[in-house]
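Novice: Predicted structure and sequence below. I'll ask about it afterward.
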Amino acid sequence: MAGAAINDSQKIFLEKVMQKANFPDIYDARDTTVVVFRTMRDMMPTKVSDRIEAAFSNQEIAKLWKDDNLIVRFISRLRPPLNIDSEIFMRRIAQEGSVAKDVTPQGVAIAVFSTVRDELPGEIVQEISNYLPDGIKVLWEQL
């Protein structure tokens, strides 16, 4: 997604993530949000991920949920959900996201979670919780 323009709807959403996670740049917020979303999707059946994408009231924010890499999107539709524990979840954020040294993966997850929960209906928020590993579920539900 690097280099892709950020539209106004996404900008408002990503500015919230940026402020909550203390990112210096909106593009870091976007890139890391995409990693958090990808990790979440990787733990879900395709039908659930599609249902979550459709539940966003703002379709521009839903585009952040949907993987923009066509090959990754295709493969993820074929393979079963991955078994990702809390440690792997956080490691993926740290390694694949644009996480600055003074920002923790947990802080990033909380920033993205709290921002995205405001964009989804309650039943979808609960459904997502069912797919998260225990340590991540605690972060998701505490907000």
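Specialist: All right, it came through fine.

Novice: Now do the buried residues in the worst-scoring helix or strand of the chain on mean pLDDT.
Specialist: Least confident helix or strand of the chain, by mean pLDDT, DSSP states H and E, is helix 70-78 with a mean of 86. Neighbour counts over helix 70-78 (16 or more other C-beta atoms under 10 Å) mark S76 as buried. Every C-beta, even on glycine, is put in place using the N, C-alpha and C of the backbone.

Novice: then whichever helix or strand comes after it to PDB, C-alphas only?
Specialist: For helix 70-78, the following helix or strand on the C-terminal side (DSSP states H and E) is helix 86-96. Extracted in PDB, the C-alpha atoms of helix 86-96 (Å, rounded to 0.1, in the frame of the first residue of the first chain):
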ATOM      1  CA  SER A  86      -0.600 -13.500  21.000                       C
ATOM      2  CA  GLU A  87       3.100 -13.500  20.700                       C
ATOM      3  CA  ILE A  88       3.100 -14.100  16.900                       C
ATOM      4  CA  PHE A  89       0.400 -11.400  16.600                       C
ATOM      5  CA  MET A  90       2.600  -8.800  18.300                       C
ATOM      6  CA  ARG A  91       5.700 -10.000  16.500                       C
ATOM      7  CA  ARG A  92       4.000  -9.500  13.100                       C
ATOM      8  CA  ILE A  93       3.100  -5.900  14.100                       C
ATOM      9  CA  ALA A  94       6.600  -5.200  15.300                       C
ATOM     10  CA  GLN A  95       8.300  -6.700  12.200                       C
ATOM     11  CA  GLU A  96       5.900  -5.900   9.400                       C
END
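
Novice: Identify all contacting residues around the least confident helix or strand of the chain.
Specialist: Taking contacts as C-beta atoms under 8 Å, 6 or more residues apart in numbering, the residues outside helix 70-78 that touch it are 38, 41-42, 46, 49, 66-67.

Novice: and with 7 Å instead?
Specialist: For helix 70-78, the surrounding residues in contact (C-beta atoms under 7 Å, 6 or more residues apart in numbering) are 41-42, 46, 67.
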